[in-house]
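> Below are the sequence and a predicted model for it; my questions follow.
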Amino acid sequence: MKTNKRLPEWFKVKAPGTENYRHIKSIINDESLNTVCEEARCPNIGDCWDRGTATFMILGDVCTRACRYCAVVSGKRGGDLDIYEPLRVAQAVKRMGIQHAVVTSVDRDDLPDGGAAVFAQTIHTIRRIAPGVRVEVLTPDFGGNWDALNSVISAKPDIFNHNIETSERIFRVVRPKGNYALSLEFLARVNATNCPSKSGMMVGLGETKEEIIETMDDLRRVKCDILTIGQYLRPSAKHVPLDRYYTPAEFMELKEIALGKGFTHVEAGPLVRSSYHAEEQSIAAGRK
C-alpha cells in the first residue's frame, strides 16, 4: 500500500538563512561553483551551510544520465570543461576554513575518462592551496574505465565514495544507465588499493528489508568500509514514486544490522545523505 505524501514530523529541518548560511552561499557564488546541496535539492542545506560546509559538484551541472530519483538536470552532454574549476574549489575550501572537503560530480559519459582527470586535479589542488584538509570524493562509475578510476585513486583521496543507491532489483528500474555489478566491482577495485571506501543507499523505493540486507552483504563482500542509509524523497511528479517512509526506529534497526555485518561506521536516518556530516563519519570510522 502506498503511503500518503505528507512528510512525517521527523523531517523537520533548519530553514536556510542564517548568517553563516549566507556567508557560505556568498563564497560559492563568488567562486562560480556548483553544489550538490542546491542542484539535488538536498533537505540538509540549511544545516550543512550553517555549519560552514558544502558538497562541491564539479564537471558542470548537466548529468548525462537520467536516474529516475535524481533532481539534477540531465542531457546528452555536459558543458565544456573549465580548467580553472579545481582552483576555484580549492580557494573556496580555504575560504570556508573546513577540514574535510567533499567533492562530487554529475555523470559525464560524454568524456573519454568520465571526468576522472578533473577529480584528480581537484584533489591535488586542494592539497596545495589548503594543506591538511581531508578530501573525500564521491564519483560516478566512469563507465567501467579502470584507468580513469586509477587516476583518481593515485591522487590519494582520504575517502573514496561511490554510491550503490539501492538494491539490485530496484537498481534496474531507477538507474537504467547504471549497472549494479559494475558499481560493486568499482568498489572492490577501490578497496584493493587500501583506499578507505564508502557507499550509500536510499530506502523507500519499493525495496524489501531482505533486499536491503542483501545489498549490505554485497557491499561487505567487496570490503566497503562506511555505509550511509537515508530516506528517498521524490523531487517531483516526474520522478519515481515514493513507496513509503521508514521510521527512525527502522533506520536504527538497519544501522545495527549493518554494524553487525562489519562496516566500520554506519549512518542511517531519514535525512542521512552520503555527504551529510561527512567529517564526523570519517572521524568515527577512524580516518583522522
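Ah, there it is.
> And residue 33, what's its pLDDT?
Looking at residue 33, its pLDDT reads 87.
> Surely it touches residue 89?
Yes - between residue 33 and residue 89 there is a contact at 6.4 Å, judged by CB atoms under 8 Å. Every residue, glycine included, has its C-beta placed from N, CA and C.
> hang on, residue 199 packs against residue 160?
No - in this structure, residue 199 is not within contact of residue 160 by CB under 8 Å, at 9.8 Å.
> any common contacting residues for these two?
Common neighbours of residue 199 and residue 160 are not found (criterion: CB atoms under 8 Å, 6 or more residues apart in numbering).
> Now the common contact residues for residue 33 and residue 89.
Common neighbours of residue 33 and residue 89 (CB under 8 Å, 6+ apart) are residue 56.
> So between the two, which is more surrounded?
The residue with more neighbours, out of residue 33 and residue 89, is residue 89; 26 against 19, by other CB atoms under 10 Å.
> What pLDDT is listed against the more buried one?
pLDDT, residue 89: 96.
> For it, pull up the helix or strand it's in.
Assigned by DSSP states H and E, residue 89 belongs to helix 85-96.
> Any buried residues in the next helix or strand after that helix, and which?
Once the chain leaves helix 85-96, the next helix or strand it forms, by DSSP H and E, is strand 100-105. Neighbour counts over strand 100-105 (16 or more other CB atoms under 10 Å) mark 100, 101, 102, 103, 104, 105 as buried.
> Touching strand 100-105 from outside, list them.
By CB under 8 Å, 6+ apart, strand 100-105 touches 36, 53, 55-59, 89, 93, 115, 118-119, 122-123, 126, 130, 133-140, 158, 161, 275, 278-279, 282.
> Direction included, what does that strand pair up with?
strand 55-58 (parallel), strand 134-138 (parallel) (DSSP bridges).
> any residues touching the first one, and which ones?
To tie it back to what came earlier, the one meant is strand 55-58. 33-37, 39, 48, 85-86, 89, 92-93, 101-106, 115, 118-119, 122, 138, 275, 278.
> so who does the residue most central in space within the chain touch?
Nearest to the mean C-alpha position of the chain, counting by CA atoms, centre = their mean, stands residue 274 at 4.4 Å. By CB under 8 Å, 6+ apart, the contact list for residue 274 reads 138, 161, 163, 198, 199, 200, 228, 230.
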